[in-house]
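> Give me a model of this one.
(4 chains)
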Protein chains: 2
Amino acid sequence: MTTVSLKPAFAAPPVPADQLGSIGVRMAFAAGEEIYAQDEEADMIYRVVSGAIRTSRLLSDGRRQIGDFYYNGDFVGLEAGPVHRYSAEALGPCEILVIRKSALKLYGEEGIRIERMIWAETARELQRTQEHLMLLGRKSACEKVASFLLGMAGRFRGEVAELPMGRQDMADYLGLTIETVSRMVTQLQVDGLVRFVDNRRFEVRNQPGLAQLVEA
Amino acid sequence: MTTVSLKPAFAAPPVPADQLGSIGVRMAFAAGEEIYAQDEEADMIYRVVSGAIRTSRLLSDGRRQIGDFYYNGDFVGLEAGPVHRYSAEALGPCEILVIRKSALKLYGEEGIRIERMIWAETARELQRTQEHLMLLGRKSACEKVASFLLGMAGRFRGEVAELPMGRQDMADYLGLTIETVSRMVTQLQVDGLVRFVDNRRFEVRNQPGLAQLVEA
DNA sequence: CGTTTCATTGAGTGCGATCAAGCCGTGTGG
DNA sequence: CCACACGGCTTGATCGCACTCAATGAAACG
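Numbering: from 1, shown residues only, chains lettered A, B, ... in the order given. Alright, predicted model coming up:
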């Protein structure tokens, strides 16, 4: 199973998905399929069981910003005020646990526990978003790509890392164009910092060098 | 009193500060004074009682990103994992209510209520940060400045809006330089969209025009 | 084998950064 | 009251990074 083989490679999820017990409904999505829409009202939260997800937001002229990418164990849709400001789509085939927030109250002690887990994840999500802010506001194209690759590589312990998204998604996450992402990837390879096996698989060749580009 | 005269102009805080009862300690800060430091361990959360705050993060080479600006009623420092990734400083003289998170448990029912308030604010904060992401990643300098001014003007009902921060803070919030901010402000004035009374006070002259630049 | 989709590479442009004056309000001391 | 200095902001000239437009290359698919 894909899910099982990928699991050990990802950063340890705070709580295994199975601890959610019987709460929520498992749903399958195909590549590119929308999980929820921008401006959609939202009482649901979502947890990745297998596969990968992106959240994204469109301006009316087509410019797109990706909020973040999510992998198994991650919660998605936490930010929800009255409506979702970002939509969520499957990067590839994936399974999602859908939980109705208002239903948690019905589950007593178990519901409370999950609610706390959600709050903790919301704070973590805020931290990650703040990191993303610094990246978008104050880093060069090269630093952006280096940060992204280093972060992705961190999910795979020294092995070849696999990108679940294409160049356009990377570009829209980093606030760049695909051409610039491509050029930076090439440059990082020429400099011997990373090596791409193919378009979506790479390994870090010079960890300290990469880390220096990312700095603090 | 400055605080009192400003209060009605700000967006209604979800809960008035006085409902926090006796929990927490009121502290005064001078302009520019640090409320908490980047990488500082943090069990505290903070609430603005009067004045304005900024959160900011520095890279080792001096580049700075401002996370957000906070006004009375706003909670600051919610994101805290083990340490603060951003520091917080007073924009001008201000009063801050400092609350020890771990102490909330001692306050029984009242503590729980405040804890819930904090969680709700965290989700709101996440939403605002996501809005900020889109601004940094996909908007032009002109759109950035227009968005910022429109947002600030929204706190003042049609009257002359007052900026509690200087151009450098605006620039570091928007991911621009002071020169570019200055040029965009000039251009927006030439285009008749806003009018600056002085460096820190302005009014919106063409709301629809501005809103169009900001769009969705 | 052609078609389609996605990534790379190249050439040229432009937006925002950088470097450098100049301006203006404010405060300070003579 | 004026001269001066200082900090914050604006304006100008130039530069360079990342975008745009365009062509090519390389997989994936029917």
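
> contacting residues for the closest residue to A:A42 other than its chain neighbours?
Closest residue in space to A:A42, ignoring its immediate chain neighbours: A:A80 at 4.1 Å, by C-beta to C-beta, 6 or more residues apart in numbering or on different chains. The way it works is simple: take the backbone N, C-alpha and C, and place the C-beta from them, glycine included. Residues in contact with A:A80, defined by C-beta atoms under 8 Å, 6 or more residues apart in numbering or on different chains, are A:A42, A:D43, A:I45, B:A123.

> Need the pLDDT of A:A80.
You'll see A:A80 listed with a pLDDT of 74.

> Any figure for the gap between it and B:Y36?
Here A:A80 is placed at a distance of 28 Å from B:Y36 (C-beta to C-beta, to the nearest Å).

> thinking again about what came up before, tell me the two of the contacts of A:A80 that are most distant?
A:D43 and B:A123 (13.3 Å; C-beta to C-beta).

> With neighbour numbers in mind, choose between these two.
B:A123 (19 against 11; other C-beta atoms under 10 Å in any protein chain shown).

> And the next helix or strand past the host helix or strand of the more buried one?
According to DSSP states H and E, B:A123 maps onto helix B:108-138. Scanning forward in sequence from helix B:108-138 by DSSP H and E, the next helix or strand is helix B:141-153.

> just how off-centre is that following helix within its chain?
14 Å (C-alpha atoms, centre = their mean, to the nearest Å).

> quick one: that helix near DNA strand D?
No. Counting by C-beta under 7 Å from any atom of the strand, DNA strand D is not contacted by helix B:141-153; separation bottoms out at 10.2 Å.

> Counting neighbours, which bits of that helix end up buried?
Within helix B:141-153, the residues scored as buried using 16 or more other C-beta atoms under 10 Å in any protein chain shown are B:A141, B:E143, B:K144, B:V145, B:A146, B:S147, B:F148, B:L149, B:L150, B:M152, B:A153.

> again with stretch A:119-128
A:W119, A:E121, A:T122, A:A123, A:R124, A:E125, A:L126, A:Q127, A:R128.

> how close does the residue nearest the centre of chain A sit to A:L97?
By C-alpha atoms, centre = their mean, chain A has its centre lying nearest to A:F69, at 1.6 Å. Distance, A:F69 to A:L97, by C-beta to C-beta: 18 Å.

> still on that earlier bit, which members of the contacts of A:A80 are positioned in helices?
B:A123 (DSSP state H).

> Which of the contacts of A:A80 fall in strands?
A:I45 (DSSP state E).

> Lowest-confidence one in the contacts of A:A80?
Comparing the contacts of A:A80 by pLDDT, A:A42 comes last, at 81.

> How about the contacts made by that residue?
Taking C-beta under 8 Å, 6+ apart as the test, what A:A42 contacts is A:Y36, A:G77, A:A80, A:V83, A:H84.

> filter the residues you listed to the buried ones?
A:Y36, A:G77, A:A80, A:H84.

> ok, of those, which one's closest to B:L174?
A:H84 (24.8 Å).

> Tally up the residues packed near A:R157, please.
10.

> In a helix, it, correct?
No. Under DSSP: H, G, I helix; E, B strand; the rest coil, A:R157 sits outside any helix and is assigned coil.

> State the phi and psi torsions of the nearest residue to A:G51 once chain neighbours are set aside.
Counting by C-beta to C-beta, 6+ apart, A:G51 lies nearest to A:C94, which is 2.3 Å off, once chain neighbours are set aside. Dihedral pair for A:C94: phi -160, psi 160, per degrees, to the nearest 10.

> Fine by me, thanks again.
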